[in-house]
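Asks: would you be able to build a 3D model of this:
(one chain, ligands or ions: 1)
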Amino acid sequence: MKIKTGIGIDVHPLAEGKALWLGGIKIAHEKGCVAHSDGDVLVHAICDALLGAAGLNDIGSYFPDTDPAYKGIDSKILLRRTMDMVEKQGYAIGNIDCVVCLQRPKIKMHVLDMRECLSGILDMDIADLTIKATTTEHLGFEGREEGISAYASVLIFKL
Ligand code: MG
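Replies: Numbers count the residues shown, from 1 in each chain. Reported below is the predicted structural model:
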């Protein structure tokens, strides 16, 4: 069996009046992420981790933020397309573990919905997709509520 791991990180600024998409779901909040796509940092971090593990470069090389085709796109579509590329290389997912860093809003009550959503898109066991959230204790851009960062680690394997 061949086993590979990947890591992905993404950051987007927050602005008032934008929709907050995180982990594939829309969360009620007065701010949302500014981005060319829907700004789902968590999904973008997972895409980059998957691509890295499969040796397929990064999200920007497939879905550039200069391409009008991806303006406002639902990041779940990008996630599925990413998984299609990973599967084409003959790999399946072992597990995905993620961390989202943000001061507000509290997302703990949304984590199960996110895991259900994303594991469904990736056609994997929900038990193998975990999402943690942390504040940064008011430190840094996340702590000042200027932006959100997300980190993802994945393991993929081929029999
Ligand atoms: Mg992004």
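
Asks: quick one: list the elements packing against the host helix or strand of Lys132.
Replies: Per DSSP states H and E, Lys132 falls inside strand 129-134. Secondary-structure packing of strand 129-134 (3 or more C-beta pairs under 8 Å, 6 or more residues apart in numbering; DSSP states H and E): strand 92-101, helix 111-122. C-beta coordinates here come from the backbone N, C-alpha and C atoms, glycine included.

Asks: can you tell which of those is closest to Ala54?
Replies: Of all the helices and strands packed on strand 129-134, the one in closest proximity to Ala54, counting by C-beta to C-beta, is strand 92-101 (10.3 Å).

Asks: can you tell which of the helices and strands packed on strand 129-134 is closest to the ion?
Replies: Counting by C-beta to the ion, the ion lies closest to strand 92-101 out of the helices and strands packed on strand 129-134; the figure is 12.9 Å.

Asks: list the strands paired with the closest one, with their directions.
Replies: Sheet pairing of strand 92-101 (DSSP bridges) gives strand 129-134 (parallel), strand 147-158 (antiparallel).

Asks: please, where are all the helices along this protein?
Replies: Along the chain, the stretches classed as helices by DSSP state H are 41-53, 59-62, 75-88, 111-122, 140-143.

Asks: dump the ones you listed into a markdown table; add mean neighbour count and distance to the ion as well.
Replies: Converted to a markdown table, the helices of the chain look like this (neighbours: other C-beta atoms under 10 Å; distance: least, C-beta to the ion, whole Å):
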| stretch | mean neighbour count | distance to the ion |
| --- | --- | --- |
| helix 41-53 | 27 | 4 |
| helix 59-62 | 16 | 7 |
| helix 75-88 | 18 | 8 |
| helix 111-122 | 18 | 15 |
| helix 140-143 | 17 | 15 |
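
Asks: and of those helices, who's closest to Ile156?
Replies: Taking the helices of the chain one by one with C-beta to C-beta, helix 41-53 is closest: 4.7 Å.

Asks: what is that closest one packed up against?
Replies: Using 3+ C-beta pairs under 8 Å, 6+ apart: helix 41-53 touches strand 2-16, helix 59-62, helix 75-88, strand 92-101, helix 111-122, strand 147-158.
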